[in-house]
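J.: For reference, the sequence and a predicted model appear below.
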Amino acid sequence: MQLVSSGFEEVLVYLIGGVIFILGGMLTSRLLRPSRPNEEKLTTYESGEDPVSSAWGQFNIQFYIVALIFLLFEVELVFLFPWAIVFSDQQLIQETNGVWGWLAFAEMTVFVGVLVLGLAYVWRKGYLDWEKPTVQKPVFKGIVPADRYEKINKKYQ
């Protein structure tokens, strides 16, 4: 008697193997690592630095808008790659007398056109424009007199 497996069974075997691999690695690391919690290890940090203020601070909304625009065009790439693979299948195009090729091309033209309209909209609204900060000249009050400061700067130029 010969067992015949379907593609779903193979995927299930890989999923079970992946879960066992991950859980095995986590269990092994739990058994081998030393556990010495202290106050320093349990504190929060941001990029290796102690936090300066609350994490609930206000951010410029433009960061979120740019992130959403970036995601929009990343999603475009997710759809373009499989489309290009299917569109390049010459046998499929020949079997349908070229109809499939023109239909796929028209669909993607409409899809990219909608994305170009979205880009034109955010560009027109100014969401891609960044406000340039103004550079302020440092003011030294009481630290070094202005004439001495200028004299030192001229000396080392």
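T.: On my side now, so go ahead.
J.: end to end, how far does stretch 85-96 reach?
T.: Using CA to CA, to the nearest Å, one end of stretch 85-96 lies 17 Å from the other.
J.: Could I get the average pLDDT for the helix or strand hosting residue 15?
T.: In this structure, residue 15 sits in helix 7-32 according to DSSP states H and E. Averaging pLDDT along helix 7-32 gives 94.
J.: got it, and stretch 150-157?
T.: The model assigns stretch 150-157 a mean pLDDT of 76.
J.: roughly how far is that stretch from the heart of the chain?
T.: 46 Å (CA atoms, centre = their mean, to the nearest Å).
J.: Which stretches in the protein count as strands?
T.: With strands called from DSSP state E, the chain shows none.
J.: Which stretches in it count as helices?
T.: 7-32, 39-42, 61-87, 90-95, 99-125, 146-155 (DSSP state H).
J.: of those, which approaches residue 137 most closely?
T.: helix 146-155 (11.6 Å; CB to CB). The way it works is simple: take the backbone N, C-alpha and C, and place the C-beta from them, glycine included.
J.: Only C-alpha atoms, please: export that closest one in CSV.
T.: Written as CSV, here are the backbone C-alpha positions of helix 146-155 (Å, rounded to 0.1, in the frame of the first residue of the first chain):
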residue,chain,number,x,y,z
ALA,A,146,31.0,89.4,21.9
ASP,A,147,34.2,91.3,20.9
ARG,A,148,36.5,88.7,22.5
TYR,A,149,34.5,85.9,20.9
GLU,A,150,34.9,87.5,17.4
LYS,A,151,38.6,88.0,18.1
ILE,A,152,39.1,84.3,19.0
ASN,A,153,37.2,83.2,15.9
LYS,A,154,39.3,85.4,13.6
LYS,A,155,42.5,84.1,15.1
